[in-house]
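[1] No letters, just coordinates:
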């Protein structure tokens with residue numbers, strides 16, 4: 001769909017100046033400045049479509065990641081992060097993990113294996129997302145509901161994420177939750 005939109009918009013942008021140069025009867029008062037402005041406006045519109053699509057893709061990555069936390073699916077979560085070496089970092093409250101393996105093995109696995117911890121809701125919402133090339137940032141709310149040792153808790157926290165586009169997919173490079 002994105003490529004079709006680009007093709008239609010870009011095609012329209014270049015059809016106007018080409019028609020004016022094709023030898024067809026054009027009004028004598030064709031303003032080259034207006035044509036140039038129209039092309040610039042169309043190019044800017046295409047950029048906005050691309051950025052809007054990238055923002056949606058970033059938010060989808062984060063939403064999918066949150067759903068996998070809710071179901072304690074560590075393997076699924078790994079598909080949404082930069083898993084190699086020290087490429088992934090996370091700061092949670094006073095704690096930090098450097099590298100996916102550190103977070104997975106020393107934080108997630110023990111937490112998810114704890115039978116006293118039961119998530120009933122873990123969702124991200126209220127995104128403020130910025131995209132620049134292959135990097136994106138997002139701030140969001142984290143809505144959690146869980147029981148721990150039979151005591152129910154329902155809390156809202158804050159999150160910040162940095163993502164990198166790798167081969168057309170957005171991957172989480174850094175998370176900070178508080």
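    That came in fine, so what should we check first? Quantities reported herein were computed from a predicted structural model and do not represent experimental measurements.
[2] Tell me which residues are up against the host helix or strand of residue 123.
    Residue 123 is part of strand 117-132 when elements are defined by DSSP states H and E. Where contact means CB atoms under 8 Å, 6 or more residues apart in numbering, the residues beyond strand 117-132 that reach it are 51, 54-55, 58-59, 62-63, 65-67, 69-72, 111, 136-148, 154, 159. Where you see a C-beta, it was placed from the backbone N, CA and C, and this is true even at glycine.
[3] Give the pairing partners of it; include direction for each.
    Under the criterion DSSP bridges, strand 117-132 sits next to strand 135-148 (antiparallel) in its sheet.
[4] May I see the buried residues of the strand it pairs with?
    By neighbour count on 16 or more other CB atoms under 10 Å, the buried set for strand 135-148 is 136, 138, 140, 142-144, 146.
[5] same question, stretch 159-171
    Within stretch 159-171, the residues that count as buried by 16+ other CB under 10 Å are 159, 161, 163-165, 170-171.
[6] can you count the residues close to residue 94?
    Residues within reach of residue 94, counting by other CB atoms under 10 Å, total 6.
[7] and stretch 153-163, average pLDDT?
    Across stretch 153-163, pLDDT averages out at 97.
[8] so how far is it off the chain centroid?
    In this view, stretch 153-163 has its centroid 15 Å away from the chain centroid, taken as CA atoms, centre = their mean, to the nearest Å.
[9] With stretch 55-65 instead?
    Centroid displacement of stretch 55-65 relative to its chain, using CA atoms, centre = their mean, is 5 Å.
[10] contacts for stretch 158-176?
    By CB under 8 Å, 6+ apart, the residues outside stretch 158-176 that reach it are 54, 57-58, 61-62, 65, 80-82, 87-92, 124, 133-142, 177-178.
[11] one more time with 7 Å, if that's ok
    When contacts are defined by CB atoms under 7 Å, 6 or more residues apart in numbering, stretch 158-176 is touched by residues 57-58, 61-62, 65, 80-82, 87-91, 124, 134-142, 177-178.
[12] How about stretch 97-105?
    Against stretch 97-105 from outside (CB under 7 Å, 6+ apart): 74, 78, 81, 83, 85-86, 88-90, 106-107.
[13] okay, the residues you listed in TSV with neighbour count, secondary structure and distance to residue 117 next?
    Shown next, in TSV, are the contacts of stretch 97-105 (neighbours: other CB atoms under 10 Å; DSSP: H, G, I helix; E, B strand; the rest coil; distance: CB to CB, whole Å):
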residue	neighbour count	secondary structure	distance to residue 117
74	17	helix	14
78	18	helix	20
81	23	strand	21
83	17	coil	24
85	10	coil	29
86	11	coil	27
88	23	coil	22
89	20	strand	23
90	21	strand	18
106	13	helix	16
107	15	helix	12
